[in-house]
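>>> give me coordinates for this.
(chains A, B, C and D)
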Amino acid sequence: MSGAVLRAEDVTMRFGGLTALSKFNIELRPKELVGLIGPNGAGKTTAFNALSGVYAPTEGSVILGGVRVNGLRPHQVCALGIARTFQNIRLFKNLSALDNVRIACHARGHGPLWEPLLGTSGHEVREGRMEATARELLEVMGLGDLADAQAKNLPYGLQRRLEIARALGAEPKVLCLDEPAAGMNATETAALMSLIHDIRDRFGVAVLLIEHDMKLVMGISERLIVLDHGVTISSGKPEDVRKDPKVIEAYLGVEDGHKALDSEAA
Amino acid sequence: MKKTLSALLAAALLSSPAAAQDPILIGVIGSLTGAEATYGLSTRHGVELAIEELNSKGGLKGRMFAAKVYDDQGKPEEAATATTRLVSQDKVAIVLGEVASSRSLAMAPIAEANKVPMITPSSTNPRVTKDGGKVRQWVFRVCFIDPFQGTVMAKWARESLKLERVAILRDVGNDYSMGLSDFFTAKFKELGGTILADESYKAGDQDFKAQLTSLKGKKPQAIYTPGYYTDVALIARQARELNMNMPLLGGDGWDSSKLYEIGGSALDGYYFSNHYSTDDPSPAIQNFIKTYKAKYKETPDALAALAYDAMLITADAMGRATAPTGEPLRKAIAATKGFKGVTGVITLDADHNAVKPAVILKITGKKPGYAGTIKP
Amino acid sequence: MRALRSLAPFLLGAPVFWLVQCYAPPTLAIVLLMAGVNVILAVSLNMVNGFTGQFSLGHAGFMAIGAYTTAKITLALGDPAGGVPPWLWSNGVFLLALLAGMGLSALMGLMVGVPSLRLRGDYLAIVTLGFNEIIRVLIENVRWLGGATGISGVPPYTTLVWVGLAALATVVTAQRLLCSTHGRAMLSVREDEVAAEAMGVDTVGYKVRAFALSAAFAGLGGGLLGHYILLVTPKSFTFVKSIEVVVMVVLGGMGSISGATLAAVLLTGALELMRGLDQYRMVMYSLLLVVLMLARPTGLFGTREIWEFWGAKKKKAAA
Amino acid sequence: MSEFLQHIVNGVSVGTNYALIALGYTMVYGVLKLINFAHGDVYMVGAFAGYFIAHAIGVAAEGYEPSLFNTALVFVGSMGVCALLGYLIERLAYRPLRDRPRLTSLITAIGISFLLEYGFQLPAWAGLPIEFPPGPSPRFFPELFPRTVWLEVWDVAFSNYDVIALGTALALMLALQFIVYRTKFGVAMRAVSFDPNSAALMGIPVDRVISITFALGSALAGAAALLMAISHPRIDPLMGMMPGLKAFVAAVFGGIGSVPGAMVGGILLGLSEEMVAGYALSSFRDAIAFAILIGVLLVRPEGLFGRRTSEKV
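From the prediction side, this is the model:
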């Protein structure tokens, strides 16, 4: 059990009478790449929100690097090591790509508020460091030339990449990616997935990935967790999960399940 | 951008220097817009009427008067800026204004600093002419001060009406109403009366029944309401609607034909202190009322009459002075004695305040009538 | 050396303001003075409304706190003591009083900011406006603060140099803030609060900081205004004043410092130029507002700064 | 006892007026999410329209016999003028900015508000059949029908004015509620309020719905102004400022966008102001309205009747 960067124990989320997530458990070891899948409305994003502090879990606990974080505000959770992207891109639209990433660097890189107002040297050093980090991340994500472009003017695929760069700016131990390939074509997706792999290796982060594209998740995840109606119905190695009849039934209906999964695997 | 703008401003602000036979410029500052616009307008009318009459009689030894009027929107900082503009750029001989003491207080230091005389027609706060025990050398007034008018009504209520228990309803945002109420309270208590309650409203309120209802429960013999006519008219109506038959008492802020138009018969039996009575047969008063009515289609209120007098005193002092500006003018104004104005026989005392008797008017049949005079 | 660079704007500005104070005709000087105060107000409000995207409508309330605090202190410490030369004493006392006024306003900003954080948009606007009115009504009811008349006899400490330096300080503060990571954190609150939180920005903390900082400079503006008209009265701090400042900010372009500055100067100048129009002046002013907003809905500069336009022009010319 | 009862009567009477203005605010806000800052000034224009119409049909003349027809004429005329004004304001000042940030339209709203306030304070123009603009002096609103006391209990008078105002307000509220929830137009209104873009895609004439909403809300302001002017017969160009602000407070208090909320919010605000002015410190009356508002919003940020909305992440 020790050595986990992120652990969720029996996390349950209820909204009014609706249980969106029930007894969700996860354990993420350093540098692990885990996929979280499930049909629409299965509670994947809810799980993300519970982990990243957007919602306080109704029951259960989220433990990040040994600290219990449920009830903390998202920025505090972020400071403890989770950074995320959003299913519907939420960039700082009117700011430049560079600024988007620099804002994520803020939490770890800022000094006291009076420093910039007086123009001290410490402030300039910090600013320089932040800018270097941000530019490097943009470079890694293939946005090196677009540092000054307004985020809203970037093409869709690059906006997705910028969001990942921004999340990395927060220097997380766990990177949560919410459908990063949504809306991309096959080539773009493949490139992105290999990039995610590289990022994991390069920055040494554990990655939790929500994805719709089954094939893709199967390809790069070391482990999978499958949600349906808020309940974890299966988890384990991709090969095992794929064969789990519960997954097939939940995901695609009994009849076509095998066919669909087979064709995707093919 | 900033530079071109300032250049533009400078060009616009620099006017031609005054030639010998140019008219004597009288600076007027008033709230021509905003919540107190109606008072500023009366002031302007009063001054302009006086100037018109003076000019028709040949002005000052052949030199005409001309008014330069600026709006201050009822804001103290605007009044200060406008005063600076009048004295430094328009080079007026004298500044007349403002109605509210809070704006005259912003103007007075500028008149002092630039050594230009200033007469406020209707600011009643003592601090306008004398602040911190020091008389402002260049600032004068032709109206009553709060202590006098508050005391006058207290005397009248206690000695002539023989009232013992009175309540107060004051306009909390208005320094004039606050001042009168305070001095009324002090004097009335000194004369052995009791103040039963002290309630407030704010100018522009539509409904005063909350305060009136609570006053009604205390059963006062009269209510002192030294606000402006705009609010008093509604207060009177609502008091009657609540079956309150005790009289309301007030100050010169009541004096306006609008009071009777809006308040109607609800005002019957009410008393207020004023500078003059419209019944007064004196030709100066009757002539003023007649010409004012002819020109502006309404009966002048106290503010118009005071502004008219301020202008007449200015002209009178200019006639007596060796030069119609600066130090000679200041000295001449300060020496004003026994000047027969519309608002009474005015003598300026050592504190630059007008010393004149107050008349008490009683309203009957939508008209004010003379009820008595109280000397300072 | 660094201290010198940090102070450079003031060292350069002071002699300029001093020259203007000496040689400008009085009326122009006063218009510049009022414009300077308005620049302080507009740029400081921009820190809340423009940077963090919160909508405050209570700036005049903070002005009032600053003005009353400053006036009370300068009046209490009116006479030089201990053989200090009068000019040094008065300016020293004024500086001290202004700083105290800023401090108290900032504190008030915190007090208003904290409970307001649960609210957004129009709700926040109406609550801040409410605070403005409450502060004003409280002052009106306190005899010690002069009630409805206010405090008169305030010493004439405000000069063009003071206002110029204060306006410069406000602009420089805003500019340095905007170019720093703290400023970017504020912008992220404006852009997307949820995302900002997720990226580790303490959005609540930055809203409160913006409120406090903005209130402090509003207090500075109030203090300067009071020592110029030599009177501190509740009538100067109604919600109408707050609205006027919001108008400057929106007209300049939300978040644009140069925009707010220019709008403040333009509107002050335009109002003074139109003074001769009497009652028609305010009608023209309101028409101007409507027409300007219809013609340039994002304000004069949008969220950009004036030099970015020059940059763009140069680029175009080069291309 | 009688004093308390009197306070209740006064409070409801003041509150009714807030409620009537708040209804208009709430409608416009519900559809456009825009604080129509000029609403209080439309209210003022309504009062002056009524004034001029009343003078034109001889209500102010000596020996005028009150008639239901003339009263109705003044009401319809004034509400019509307000509806037209509301339509024009929306058409000229808000519609061109609808796709812009809402703050932009707020500034034009302030501009229009100033324009009406200062415009009405101008000296009258020569050559017009009526004395327009009316100038800053307050005017007496002629008596459309005399005030009579209908019921007197414990020395507390219930006048026909109070009863008529409350009755009208309730009737208008019910009518509005009916329009919003029971008519086709109401469905369109709610659709536009929910999402104007989708509503447009569904074939709802968004512009027309918004125009009609504005006209309707403004007409309500006209009615409110007349009811106010009848019982408080002093009208002036700035009369809409404070009531407009207070009515907005009432609307937020009740939950902006909610019709019954505006009604309840208005009356509660009127009552609480009355109680504070009557039993506690009358000089704090204005501060109280806002203090209550702040208190309510801190506990229930969505107001009494508002629906809690949470942002989807």
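
>>> strands along the stretch 201-350 of chain B, start to end?
B:222-224, B:248-250, B:271-274, B:339-341, B:344-348 (DSSP state E, counting those that start in this stretch).

>>> okay, these in TSV with mean neighbour count next?
(Glycine included, C-beta is placed from N, CA and C.) Below are the strands of the stretch 201-350 of chain B laid out as TSV (neighbours: other Cβ atoms under 10 Å in any protein chain shown):
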stretch	mean neighbour count
strand B:222-224	25
strand B:248-250	27
strand B:271-274	27
strand B:339-341	18
strand B:344-348	19
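
>>> among those, which comes closest to residue B:312?
Closest approach to residue B:312 among the strands of the stretch 201-350 of chain B (Cβ to Cβ): strand B:339-341, 5.9 Å.

>>> does stretch C:200-209 reach chain A?
Yes. Using Cβ under 8 Å from any Cβ of the partner chain, stretch C:200-209 comes into contact with chain A via C:200, C:201, C:202, C:203, C:204, C:209.

>>> next one: phi and psi at the nearest residue to the last one once chain neighbours are set aside?
Nearest residue to residue C:209, sequence neighbours excluded (Cβ to Cβ, 6 or more residues apart in numbering or on different chains): residue A:113, at 6.4 Å. Taking degrees, to the nearest 10, you get phi -60, psi -30 for the backbone angles of residue A:113.

>>> so residue C:57: helix, strand or coil?
coil (DSSP: H, G, I helix; E, B strand; the rest coil).

>>> nope, residue D:242 is what I meant
Secondary structure, three-state DSSP: residue D:242 is helix.

>>> contact partners for it?
Residues in contact with residue D:242 (Cβ atoms under 8 Å, 6 or more residues apart in numbering or on different chains) are B:204, B:205, D:40, D:286.

>>> quick one: average confidence on the longest helix belonging to chain A?
Ranked by number of residues, the top helix in chain A under DSSP state H is helix A:121-140. Mean per-residue pLDDT for helix A:121-140: 91.

>>> give the other helices and strands that it contacts.
helix A:97-109, helix A:114-118, helix A:156-169, helix C:181-191 (3 or more Cβ pairs under 8 Å, 6 or more residues apart in numbering or on different chains; DSSP states H and E).

>>> go through the second one and flag the buried ones.
When neighbours are counted by 16 or more other Cβ atoms under 10 Å in any protein chain shown, the buried residues of helix A:114-118 are found to be A:115, A:116, A:117.

>>> of all the residues you listed, which comes closest to chain C?
When these are compared for distance to chain C (Cβ to the nearest Cβ), residue A:116 wins out at 3.3 Å.

>>> what's the neighbour count on residue B:219?
Here the count is done by other Cβ atoms under 10 Å in any protein chain shown, and residue B:219 has 11 residues near it.

>>> and if you look at residue B:375?
8.

>>> quick one: pLDDT of residue B:320?
91.

>>> surely residue C:208 touches residue C:117?
Yes. Contact criterion Cβ atoms under 8 Å: residue C:208 and residue C:117 qualify, at 7.1 Å.

>>> spatially central residue in chain A, please.
residue A:176 (1.5 Å; Cα atoms, centre = their mean).

>>> give me every residue that touches it.
Applying Cβ under 8 Å, 6+ apart to residue A:176 gives the contacts A:48, A:51, A:52, A:82, A:83, A:84, A:85, A:167, A:207, A:208, A:209, A:210.

>>> how close does the fifth one sit to residue A:70?
Separation of residue A:83 from residue A:70 (Cβ to Cβ, to the nearest Å): 18 Å.

>>> on that earlier part again, where does the residue nearest to the centre of chain A land in three-state SS?
strand.

>>> which SS class is the closest residue to chain D within chain A?
Proximity of chain A to chain D (Cβ to the nearest Cβ) peaks at residue A:54, 5.3 Å away. Per three-state DSSP, the local secondary structure of residue A:54 is coil.

>>> how close does it sit to residue A:228?
Distance from residue A:54 to residue A:228, by Cβ to Cβ: 22 Å.

>>> burial check on residue 79, number of neighbours?
Reading this off chain A. 19.

>>> wait, chain D was what I had in mind.
24.

>>> next one: residue C:198 from chain D, what distance?
According to Cβ to the nearest Cβ, to the nearest Å, residue C:198 and chain D sit 9 Å apart.

>>> my guess is that residue meets residue A:52, correct?
Yes. Contact criterion Cβ under 8 Å: residue C:198 and residue A:52 qualify, at 6.1 Å.

>>> of the two, which one has the most company?
Between residue C:198 and residue A:52, counting by other Cβ under 10 Å, residue C:198 is the more crowded of the two (30 against 24).

>>> residues contacting the more buried one?
Contacts for residue C:198 were tallied using Cβ under 8 Å, 6+ apart; they are A:52, A:54, A:74, A:75, A:78, A:83, A:84, A:86.

>>> pLDDT value on the last one, please?
Translated: residue A:86. Looking at residue A:86, its pLDDT is 91.

>>> repeat for the first one
What the model reports for residue A:52 is a pLDDT of 88.

>>> residue nearest the centroid of chain B?
What sits nearest the mean C-alpha location of chain B, by Cα atoms, centre = their mean, is residue B:122, with 2.3 Å.

>>> pull the number of nearby residues for the nearest residue to residue C:188 once chain neighbours are set aside.
Excluding its sequence neighbours, the residue lying closest to residue C:188 (Cβ to Cβ, 6+ apart) is residue C:196, at 3.9 Å. Other residues lying near residue C:196 total 28 when counted by other Cβ under 10 Å.

>>> would you say residue C:196 is within a helix?
Yes. Counting by three-state DSSP, residue C:196 is part of a helix.

>>> and it, what does it touch?
Counting by Cβ under 8 Å, 6+ apart, residue C:196 has contacts A:75, A:92, A:103, C:185, C:188, C:189, C:203.

>>> surely residue C:31 meets residue C:271?
No. Using Cβ under 8 Å, residue C:31 is not in contact with residue C:271, being 9.1 Å away.

>>> ok, the two, which is more surrounded?
Between residue C:31 and residue C:271, residue C:31 has the larger neighbour count (other Cβ under 10 Å), namely 28 against 22.

>>> state the pLDDT value of the more buried one.
90.

>>> what parts of the stretch 1-150 of chain A come near chain D?
Counting by Cβ under 8 Å from any Cβ, the stretch 1-150 of chain A sits next to chain D at A:45, A:49, A:54, A:86.

>>> how about low-confidence regions in chain A?
The model of chain A has pLDDT under 70 over residues A:1-2, A:213, A:251-266.

>>> all the strands of it, residue numbers only.
For chain A, the strands defined by DSSP state E cover A:6-15, A:18-28, A:33-37, A:59-64, A:67-68, A:82-84, A:174-178, A:206-210, A:223-228, A:231-236.

>>> now for the first one, which elements pack on it?
Using 3+ Cβ pairs under 8 Å, 6+ apart as the contact definition, the elements that strand A:6-15 packs against are strand A:18-28, helix A:44-52, strand A:59-64.

>>> how about the ones you listed in JSON lines, adding distance to residue B:236?
Shown next, in JSON lines, are these (distance: least, Cβ to Cβ, whole Å):
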{"stretch": "strand A:18-28", "distance to residue B:236": "62"}
{"stretch": "helix A:44-52", "distance to residue B:236": "63"}
{"stretch": "strand A:59-64", "distance to residue B:236": "67"}
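
>>> of all the ones you listed, which lies closest to residue D:193?
When the helices and strands packed on strand A:6-15 are compared by Cβ to Cβ, strand A:18-28 sits nearest residue D:193, at 25.3 Å.
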